[in-house]
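Asks: based on what follows, work out the 3D shape:
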Amino acid sequence: MKTFLSLCACLGAAAAFPADLPRDTASILAPGLPAKAPPHWVWLNDMSFMRLTDGRAYLIDADQGSMLGMLSTGFNFVSVLPSRDGSVIYSPETYFSRGVRGTRTDVVSLYDPVHLTPVAEIEIPAKRASAIPMANESALTDDDRFLLVYNFTPAQSTTVVDTRSRKFVTELDTAGCAMAFPTGPRRFFAICADATLLVVRLDDQGQLASAAHTKPLFEREKDPITEKGVRLGDTWYFTSFESIIHPIKADATDATDATGATVGKRWSLVTDAERADGWRTGGLQQLAIHRATKRLYAIMHKGPLSTHKDPGTDVWVYDIATGKRVQQITLKNLATSIQVSQDDQPLLYGAFIASPVLDIYDARSGQYLRSVGDLAQTATLLVTP
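Replies: Reported below is the predicted structural model:
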């Protein structure tokens, strides 16, 4: 009798709840994503600082405010590198045979951009820099033929990968010089500790053709430049710690002269009064450029020199041709990284390294449009495909 009464009580309690719970549904894109990425898609890269073995890259549709997919990208991840024709996504990655220990293997993984599945990998020297992500720790040459990966062990060098044959080619000694800033189909430069640039030219097989240092191009002791450059045509734009823009023009030809790099007229992002008030650039990915309008976007905040990595409250916009500020955008949320889409109705993207949210603005008016939440644990670099 007790058993029967207990069963009746259980059945009575169950009757108070719906017989069938709603089914969980998953959104599966079939046959896959469009072969050509729309202009308002953006990759948000996540180094996953609290779980460094689990780097990720999230693909976002900024118009719909939704995540389209994710790549799992290994230990101390930096950023994906979509090819210019959209046919493949490159991703320099690191793995350990025992998860957090054991034999280290560095690879460049290749992903299908339609289904976001791995299609190949190229093993490279296990020397890839393990640092806070910086945009030019890896880069593709202007014709996408070679992929360059910055190494730091702490010896500095550059790995060259042939994307056509999908093979490791060589490791170039770049002692005292960091990163890889492409300036043509066979050229790139690295920024050196002595305030020079090391300009490197490759041959058609990806081997070293020449390498030479420029004269010192910035104030190493007084006001050094950051490594957070952005490019427009044949010119890279770097800001200094005191928010002075240094336009560095590098010859993109394959002439025998390996240097061919000069600094154009420097200009300031802030007035003397604004500098005295503490305004300066800051963040992880401080600058972005909209190429068609030749507008430069800069993360700005108030603080002393030591805050050059702090998040910004504003984005200030400049006409590159004149160096004049043309717009000030007050951000809804703090940002350490920004990026701009390259269409004629551009969007401005903002992310904060301590927030899982991507903020989206109209880049022309500065109007806040929407946010996409519950994304990255440690939002770092933003990349438009």
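Asks: nearest residue to Thr239 other than its sequence neighbours?
Replies: Using Cβ to Cβ, 6 or more residues apart in numbering and skipping residues adjacent in sequence, the residue nearest Thr239 is Thr281, 5.0 Å away. Using the backbone N, CA and C atoms, a C-beta is placed for each residue, glycine as well.
Asks: partner residues bridging the one you found?
Replies: For Thr281, the residues forming beta bridges with it (DSSP bridges) are Met300.
Asks: so it touches Ala298, yeah?
Replies: Yes: if you go by Cβ atoms under 8 Å, Thr281 and Ala298 touch, sitting 5.4 Å apart.
Asks: where do the contact lists of the two overlap?
Replies: Residues within reach of Thr281 and of Ala298 at once, by Cβ atoms under 8 Å, 6 or more residues apart in numbering, are Thr239, Ser243, Leu269, Leu287.
Asks: run the chain-centre distance for stretch 193-206.
Replies: 22 Å (Cα atoms, centre = their mean, to the nearest Å).
Asks: so what secondary structure elements neighbour the longest strand seen in the chain?
Replies: As far as residue count goes, and with DSSP state E defining each element, the longest strand of the chain is strand 324-335. Here strand 324-335 touches strand 312-319, strand 347-351, strand 358-362, strand 368-372, going by 3 or more Cβ pairs under 8 Å, 6 or more residues apart in numbering; DSSP states H and E.
Asks: and with 6 Å instead?
Replies: Using 3 or more Cβ pairs under 6 Å, 6 or more residues apart in numbering; DSSP states H and E as the contact definition, the elements that strand 324-335 packs against are strand 312-319.
Asks: give me the sheet partners of the strand it packs on and which way each runs.
Replies: Going by DSSP bridges, the partners of strand 312-319 are strand 295-302 (antiparallel), strand 324-335 (antiparallel).
Asks: highest average neighbour count across those strands?
Replies: strand 295-302 (a mean of 23; mean count of other Cβ atoms under 10 Å).
Asks: quick one: it to strand 347-351, angle?
Replies: If you take axes from the mean of the first three to the mean of the last three Cα atoms, to 10 degrees, strand 295-302 sits at 30 degrees to strand 347-351.
Asks: now, which of the shared contacts of Thr281 and Ala298 sits nearest Pro31?
Replies: Of all the shared contacts of Thr281 and Ala298, the one with the least separation from Pro31 (Cβ to Cβ) is Leu287, at 37.8 Å.
Asks: wait, the closest one touches Gly229, no?
Replies: No: look at Leu287 against Gly229 with Cβ atoms under 6 Å: they stay out of range, at 7.4 Å.
Asks: more neighbours, these two?
Replies: Here Leu287 and Gly229 are compared on neighbour count by other Cβ atoms under 10 Å; more neighbours surround Leu287, at 25 against 22.
Asks: what's near enough to touch that one?
Replies: Contacts of Leu287 were listed using Cβ atoms under 6 Å, 6 or more residues apart in numbering, and they are Val230, Ala298.
Asks: hmm, try it at 10 Å
Replies: Taking Cβ atoms under 10 Å, 6 or more residues apart in numbering as the criterion, Leu287 is in contact with 135, 226, 228-231, 237-239, 245, 269, 281, 296-299, 318, 338-340.
Asks: these in strands, which ones?
Replies: Using DSSP E, these in strands are 230-231, 237-239, 245, 281, 296-299, 318, 338-340.
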